[in-house]
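Chemist: Predicted coordinates and the sequence they were generated for:
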Amino acid sequence: MNERRQKAYPRLTHPLVRDTRDEEFRRASWDEALDRVARGLRRHRGAFGMLSCARATNEANYLAQKFARVVMGTNNVDSSDRRCHAPSVEGLAAAFGAGGGTSSYEEIERTDVVVLWGSNARVAHPVFFQHVLKGVQAGARLYVVDPRRTSTAEWAEGWLGLNVGTDIALAQAVGREIIQAGLVDETFVGRATSGFEEYRALVEPWTLSLAQKVTGVPAPAIRELAHAYGRAERAQLCWTLGVTEHRNGTDNVRALIDLALLTGQVGRAGAGLQPLCGRNNVQGAIDMGAVPHRLPGFQDVLDLDARLRCESAWGTALPPHHGLDLAEMFEEMETGGVRAVYCVGEDPARSSEGDGGQAVRRLKALDFLVVQDVFRTSTAELADVVLPAASGWAESEGTTTNSERRVQRVRKAVDPPGEARGDVDIIRDLAGRLGHVWAYADAEAVWNELRSVSPDHYGMTYRRLEEHDGLQWPCPSTRDLEPPYLHGRLWEADPARRGRRAPFGLVPHVPPTDLTDERFPIRLTTGRRLDSDNLLVPGGSSPSPSRRGECVELCPEDAERYGVVVGEKVQITSRRGSVVASVWIDTALRPGLAFTTLRVPDDEADADQQAPAARCPIAGTAEYKATAIRVDKLPLVTYVG
Ligand SMILES: Nc1nc2c(c(=O)[nH]1)N[C@H]1C(S)=C(S)[C@@H](COP(=O)(O)OP(=O)(O)OC[C@H]3O[C@@H](n4cnc5c(=O)[nH]c(N)nc54)[C@H](O)[C@@H]3O)O[C@H]1N2
Ligand SMILES: Nc1nc2c(c(=O)[nH]1)N[C@H]1C(S)=C(S)[C@@H](COP(=O)(O)OP(=O)(O)OC[C@H]3O[C@@H](n4cnc5c(=O)[nH]c(N)nc54)[C@H](O)[C@@H]3O)O[C@H]1N2
Ligand SMILES: [Mo]
């Protein structure tokens, strides 16, 4: 077992400080630690970046973004939404104006067709998957679109095993078939959308046979999906990282939304578009404004009315332009644009901005780094000051927002250990030291301020959240409830009430940046496993035949071709670097396709081996899902079963 990488992080119980990065940390009082942070940040008002936490409460995220905007005067605030959910938010916002999934979990149980596109929900979203299974039990047909025959696919009526990075080609062939078969909802398209003729022309070349060639999915399976989706009374199209973690993640999302526009599978009970959020409060972090271009309530920073509302609530002028996103902040660490970082509940040194080695190098070069986390993370080891936080879950009062836009109360059940304190209290006290006295008595006071600046949250008092067991946004009124699905207005007959039309995305198919060829013949994709949590994989880096650990998974045919067995180490080389990993054999894969967890382990390699080849220009999400590699057998077998 690889102790160095896999040892669980210890819990933080008291503040830690040091004068220089070469020194060991020493224990400090809260007063001393917060004074040091205030000193460190004061010097860098113009070159500051805030990383906020998609696992912490809404209240913590609201204060984190307020700290960046009000105390530090910058919109440079972001969270790991950038790595997974941002393309969904951008794609949905471009089509409908709101960046949230359009339907609710309950509707998944009462629908006719569920499509899980690039989503291994059985493994990564087990709670949601229970709703899917209830739907299936009630007669819904389930389709799974995934290069691997995942355990999610085992439950499906149809599995479409496409080639990595061919989602747009597949979606457009489905769209063409829907048009050809006369399954377009013409009323909806005519009333509520724009760009249909351009869409028809765009998808025209994507015949079933061309799509079969490009995507690898047999034509009859594409046809079946098109007919099932197009004929369904109600259908739910759900997706996650198989769609978003590409150089064109937002375009991929648009291509899926186009299918719903074509068939009117949105804005009605039981019909919808549902990107699943990775962590408990990714949606909330975005909704609270912990993103560089949006104020709380998904209001654009450039929207003067929204800015004025926040300025009057916060008593200060706000920067009137978009800030830097997570990826850009890391780039600016290199060029001097970001010199100080306040990192609340993010672990970029391990989870990495695409590449661990590069992220560590950039964090080390900062003038000042403060980390506020539950655990003593790899990122905390690089900091000047470390602040111990209470966990947002079970140790704090507040709220979080799930994939169906439902805001729910979280409650404090136990005290945090040692001197650890809640994120809300820490950020508030720090603001006070920097001259901004915020008199919140508790989390509810923070929430009520958020309600005053975000019309979509206005109706959600703590009391109502408790009475209703959570409420979905939008909730503009303290009396009424909105329907559980979004965009019902698109179905209005009256154009004035219908409002803005939803435009077709009209996106082109482009292959991944990293092409396979003779030198790099294998497509490596990454993803989750049931027994691992993001970058923490039980079993370390040396799997035995009974325990996978971190490894590269090959199909039986490829393993035989390379003459390798389970547990044997191989060298994996991409165009950007090389790592050594142990082999696991998985029948979910097919020849030419390899799979690994988020990071192939290799203690010797800290260079750019995991750097993504590209990013989505709209959402900033990295192309984590499509690397071209070569697998070389090593002369030495290090494991003998
Ligand atoms: N057990 C467990 N659950 C988790 C996590 C965890 O670490 N462990 N992490 C959480 C987080 S942060 C997130 S964001 C979510 C992610 O949840 P998911 O997105 O479901 O997880 P992934 O396994 O990353 O990717 C989903 C699927 O995309 C497929 N895929 C790869 N390339 C392509 C492609 O080109 N096209 C298509 N259509 N599919 C492709 C992969 O084979 C994989 O099965 O999971 C959350 N839940
Ligand atoms: N190669 C590759 N890399 C990837 C991905 C991939 O598919 N491939 N996926 C990416 C994805 S989808 C994601 S989401 C990222 C995840 O990467 P990270 O951002 O590192 O996310 P977590 O592992 O969730 O770590 C978040 C931190 O929050 C802390 N924390 C939890 N609750 C609280 C709280 O209430 N308050 C505070 N202050 N801290 C708290 C935890 O201790 C933890 O250290 O990794 C990304 N990296
Ligand atoms: Mo994620």
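Modeler: Arrived safely. Quantities reported herein were computed from a predicted structural model and do not represent experimental measurements. Ligands and ions are numbered 1, 2, ... in the order given.
Chemist: Around ligand 3, which positions in the stretch 201-350 of the chain sit nearby?
Modeler: Taking C-beta under 5 Å from the ion as the test, the list of the stretch 201-350 of the chain residues beside ligand 3 reads Gly278. For the C-beta atoms, the positions are set from N, CA and C on the backbone; glycine is no exception.
Chemist: Get me the contact residues on the stretch 201-350 of the chain for ligand 1.
Modeler: Within the stretch 201-350 of the chain, the positions adjacent to ligand 1 are Thr240, Leu241, Gly242, Val243, Gly278, Arg279 by C-beta under 6 Å from any ligand atom.
Chemist: closest to Asp19 among these?
Modeler: Using C-beta to C-beta, Arg279 is the member of these that lies nearest Asp19, at 34.5 Å.
Chemist: Which ones among the residues of the stretch 201-350 of the chain next to ligand 1 lie within helices?
Modeler: Secondary structure of these is defined by DSSP state H; positions in helices are Leu241, Gly242, Val243.
Chemist: Which one of the residues of the stretch 201-350 of the chain next to ligand 1 is nearest to Pro508?
Modeler: Closest approach to Pro508 among those (C-beta to C-beta): Val243, at 15.8 Å.
Chemist: pLDDT weak spots in the stretch 351-500 of the chain?
Modeler: Low-confidence segments of the stretch 351-500 of the chain (pLDDT under 70): 352-356.
Chemist: wait, I meant the stretch 1-150 of the chain
Modeler: Regions of the stretch 1-150 of the chain meeting the criterion pLDDT under 70 cover residues 1-7.
Chemist: roughly how far apart are the residue in it that ligand 3 sits nearest to and ligand 1?
Modeler: Ligand 3 sits closest to Cys84 of the stretch 1-150 of the chain, with a gap of 3.4 Å, by C-beta to the ion. Per C-beta to the nearest ligand atom, to the nearest Å, Cys84 is found 4 Å from ligand 1.
Chemist: same thing with Tyr105?
Modeler: 16 Å.
Chemist: Count the residues that sit near that residue.
Modeler: By other C-beta atoms under 10 Å, the residues close to Tyr105 number 20.
Chemist: I'd assumed His131 was in contact with it.
Modeler: Yes - with the criterion set as C-beta atoms under 8 Å, Tyr105 and His131 qualify as a contacting pair; they are 4.6 Å apart.
Chemist: on that earlier part again, pretty sure the residue of the stretch 1-150 of the chain closest to ligand 3 contacts His246?
Modeler: No - here Cys84 lies out of contact with His246, judged by C-beta under 8 Å, at a distance of 11.6 Å.
Chemist: picking up where we left off before, and the ones in helices among the residues of the stretch 201-350 of the chain next to ligand 1 as CSV, adding neighbour count, pLDDT and distance to His125?
Modeler: As requested, these are arranged in CSV below (neighbours: other C-beta atoms under 10 Å; pLDDT from 0 to 100; distance: C-beta to C-beta, whole Å):
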residue, neighbour count, pLDDT, distance to His125
Leu241, 27, 96, 11
Gly242, 26, 97, 13
Val243, 27, 97, 14
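Chemist: Name the member of the residues you listed with the shortest distance to ligand 2.
Modeler: Distances from ligand 2 to these, taken as C-beta to the nearest ligand atom, are shortest for Leu241 (6.1 Å).
Chemist: who touches that closest one in this structure?
Modeler: Under the criterion of C-beta atoms under 8 Å, 6 or more residues apart in numbering, the neighbours of Leu241 are Cys84, Gly118, Ser119, Gly278, Gly527, Tyr624, Lys625.
Chemist: From what I see, Asn76 and Gly323 are in contact.
Modeler: Yes - applying C-beta under 8 Å as the test, Asn76 and Gly323 come out as touching, 4.1 Å apart.
Chemist: Give the residues shared as contacts by the two.
Modeler: Ala68, Pro292.
Chemist: more neighbours, those two?
Modeler: Neighbour totals were compared for Asn76 and Gly323, and Asn76 leads with 26 against 22 (other C-beta under 10 Å).
Chemist: contacting residues around the more buried one?
Modeler: Contacts were defined as C-beta under 8 Å, 6+ apart; by that measure Asn76 touches Phe48, Gly49, Met50, Ala68, Pro292, Gly323, Leu324, Met329, Val338.
Chemist: Repeat the analysis, applying 10 Å as the threshold.
Modeler: Under the criterion of C-beta atoms under 10 Å, 6 or more residues apart in numbering, the contact partners of Asn76 comprise 47-51, 68-69, 292, 319, 322-326, 328-329, 332, 337-338, 341.
Chemist: returning to that earlier point: how about the residue of the stretch 1-150 of the chain closest to ligand 3: what's its closest non-neighbour residue?
Modeler: Nearest residue to Cys84, sequence neighbours excluded (C-beta to C-beta, 6 or more residues apart in numbering): Gly278, at 4.6 Å.
Chemist: quick one: the helices in the stretch 201-350 of the chain?
Modeler: In order along the chain, the stretch 201-350 of the chain carries the following helices (DSSP state H, counting those that start in this stretch): 208-215, 219-231, 241-244, 249-263, 282-287, 304-314, 326-335, 348-351.
Chemist: Close to ligand 1: what parts of the chain are there?
Modeler: The interface of the chain toward ligand 1, taken as C-beta under 6 Å from any ligand atom, is made up of 84, 117-120, 123-124, 145-148, 150, 162, 164-165, 167, 240-243, 278-279, 525, 527-528, 530, 532-534, 625.
Chemist: 5 Å instead?
Modeler: By the rule C-beta under 5 Å from any ligand atom, the part of the chain lying against ligand 1 is 84, 118-120, 124, 145-146, 148, 150, 164-165, 167, 240-242, 278-279, 525, 527-528, 530, 533-534, 625.
Chemist: Helices - which of those residues land there?
Modeler: Secondary-structure check on the residues of the chain next to ligand 1 using DSSP H: residues within helices are Cys84, Ala124, Asp167, Leu241, Gly242.
Chemist: with those residues in mind, which one is nearest to ligand 1?
Modeler: Minimum distance to ligand 1 across these is 2.2 Å, recorded for Gly242 (C-beta to the nearest ligand atom).
Chemist: Verify the stated contact: that closest one with Ala153.
Modeler: No - counting by C-beta atoms under 10 Å, Gly242 does not reach Ala153; the two are 11.7 Å apart.
Chemist: Need the residue closest to the centroid of the chain.
Modeler: For the chain, the residue whose C-alpha lies nearest the mean C-alpha position (C-alpha atoms, centre = their mean) is Cys84; its distance is 2.5 Å.
Chemist: residues touching that one, list them.
Modeler: For Cys84, the set of contacting residues under the criterion of C-beta under 10 Å, 6+ apart consists of 54, 240-241, 244-245, 249, 275-279, 282, 619, 621-622, 624.
Chemist: Report how many residues lie close to Leu170.
Modeler: Every residue meeting other C-beta under 10 Å relative to Leu170 is counted, giving 27.
Chemist: secondary structure element for it?
Modeler: In this assignment (DSSP states H and E), Leu170 forms part of helix 167-180.
Chemist: Can you give the distance of the helix or strand that that helix is followed by from its chain's centre?
Modeler: Counting by DSSP H and E, the next helix or strand C-terminal to helix 167-180 is helix 186-192. The chain centre lies 32 Å from the centre of helix 186-192; the measure is C-alpha atoms, centre = their mean, to the nearest Å.
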